[in-house]
Each structure stands twice: as structure tokens, then as C-alpha cells.
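> model this:
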Amino acid sequence: AYRRLGFLPQYLRRVVKYRQMDLEFTFWMLLQLCVSPRTAYKQTQFNKQTKNQWARDDPAFVVVNCVLVGVAAVAYCLAFGGSLWHSIYTVLSAVVVDYLLVGALIASACWALTNRYLRTQGHSHAVEQRVEWLYAFDVHCNSYFPMFLMLYVGQYFLSPLLLAPGRLSALLSCVLYAVGLSHYHYMNFLGYNALPFLERTELFLFPIAAILVAVPFAIMAGFNPSRFTLGIYFDND
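Take a look at the predicted model:
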């Protein structure tokens, strides 16, 4: 089966041959992204030195994240109900659309932005360096995991409080989403700041300012992002 997939890039072929995936390193990376993200991004230098690319060549991180997102979506379906087909749709939407497709779009935008506007102008005889698209997708995946812990796992266990009527629940939900989304953008910044040939990477911190400006207005309006988000999937009142 592995040979029959020879037309695919090696990265995708390794998804099928799971024994080639380094799960131990993947779980180490997941831990480091939570406790010491700068340590995790030092691995990019090692990748460049040993494999001549900034991106990971192992799809294990993406596969593990897909499994975690899928399991979390199943837990939400069990908690908030819905038919079998609706549950399947919800799980596929969480994994394929929310994580992979939206992530690919964000990665493509960051990839284009960094390569066009943020690269340093080196010596004319220096080797030109560019951000690899797969590295941009790695940065999204790295940034997504801590946000996943807050906005999937944390929200799940806090849902009785966050979904209750009243301004206190809306306030707590707004704060949770503000922290989760801000942390995503901060991790995005760390990912591109780790590349020595990029400059003005502080640009990736600008969305955090927008979030901080929007949060007080959302709180005053009584907007509850947890009720809004879960209502999209489960039509909660």
C-alpha cells in the first residue's frame, strides 16, 4: 500500500506508514508548547541544520492533533446531544474544517505575507531563504494546541458555568476566548520570530491588540462566545 502511494509527497505517505512517525517526540513537543514554547521552537534550528528545512518532515504532530480534536468533538456531541449523523458531521467539521482547512488558509496567508514583506534583504551573494509553506502550517499547528486546551478542553469542563444565563457567564467566556485567541497569535509570533531571516515579526502580535480592544465592548453587550460557538454546532438556546 505504501508503494502504491508513491505519487504522494513523502510527508503524506508517512501518514499511512504510522511506524515511521515519531510519537515520543510529538508528545514532547506538545508538552514544550505548553510549558516552554521557545524551547520547542529551538527545534526548528535543529531541523535546518540536519535536514536543510525549517519544517517538520514528520506528520505525527498533525495526526495526533487531529485525533485530539476529534475526541474532544465526540465528547461535546455526547454532552450536548444530536443524532449520529449530526455527530459525525460535527466531528468532521472540527477536524477537517476548523483545524485543517482554516489552518491551511491562515498558514497560506502568513506564508505569503512573510515571504513578500518580512524577509531581510541580505547580501546579494547570500543564499536566499524563504518561509516554507509547510513550516507556516507547522506554526499554525503549534499555536493551535494550547488554544485547543483552553477553548475545547477548558470550555468543556467549564461549560455549566460558561453557558449559564447572566453577565457573569458572558464575562468569563469573553475572558477565556480572549486569552485563548491571544495565546494563539502570540505563539504564531514566536514561530516566525524563530526564523533569523525575518524582520518586523511583531506584526503577528497586532491581532492581540484588536482582541483587547474588542473584549470590553463584547462584555458590555453581554455577548457570550461560548453560547455563540456551541450554538452553531448544537443549536443551544
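> can you pull up the most central residue in the chain?
What sits nearest the mean C-alpha location of the chain, by Cα atoms, centre = their mean, is residue 144, with 2.1 Å.
> in which helix or strand does that one reside?
helix 133-148 (DSSP states H and E).
> residue 214 and residue 207: what is the separation?
According to Cβ to Cβ, to the nearest Å, residue 214 and residue 207 sit 10 Å apart. All C-beta atoms are positioned from the backbone trio N, CA, C, and that covers glycine.
> picking up where we left off before, which is the next helix or strand following the helix holding residue 144?
helix 155-162.
> still on that earlier bit, show me what the helix holding residue 144 is packed against.
The criterion is 3 or more Cβ pairs under 8 Å, 6 or more residues apart in numbering; DSSP states H and E, and the helices and strands that helix 133-148 contacts are helix 23-35, helix 37-51, helix 60-80, helix 102-113, helix 167-193.
> please identify the deepest-packed of those.
helix 167-193 (a mean of 19; mean count of other Cβ atoms under 10 Å).
> ok, the residue nearest to residue 23 when sequence neighbours are not counted - contacts?
Nearest non-adjacent residue to residue 23, counting by Cβ to Cβ, 6 or more residues apart in numbering: residue 60, 5.6 Å away. Under the criterion of Cβ atoms under 8 Å, 6 or more residues apart in numbering, the neighbours of residue 60 are 21-23, 25-26.
> which pair of those spans the longest distance?
21 and 25 (9.2 Å; Cβ to Cβ).
> now for these two: what residues contact both?
58, 60.
> would you list the contacts of residue 60 in a markdown table and tack on pLDDT?
Below are those laid out as a markdown table (pLDDT from 0 to 100):
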| residue | pLDDT |
| --- | --- |
| 21 | 82 |
| 22 | 85 |
| 23 | 89 |
| 25 | 91 |
| 26 | 93 |
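> make a markdown table from those residues and add distance to residue 114 to it.
Shown next, in a markdown table, are the contacts of residue 60 (distance: Cβ to Cβ, whole Å):
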| residue | distance to residue 114 |
| --- | --- |
| 21 | 28 |
| 22 | 27 |
| 23 | 30 |
| 25 | 25 |
| 26 | 25 |
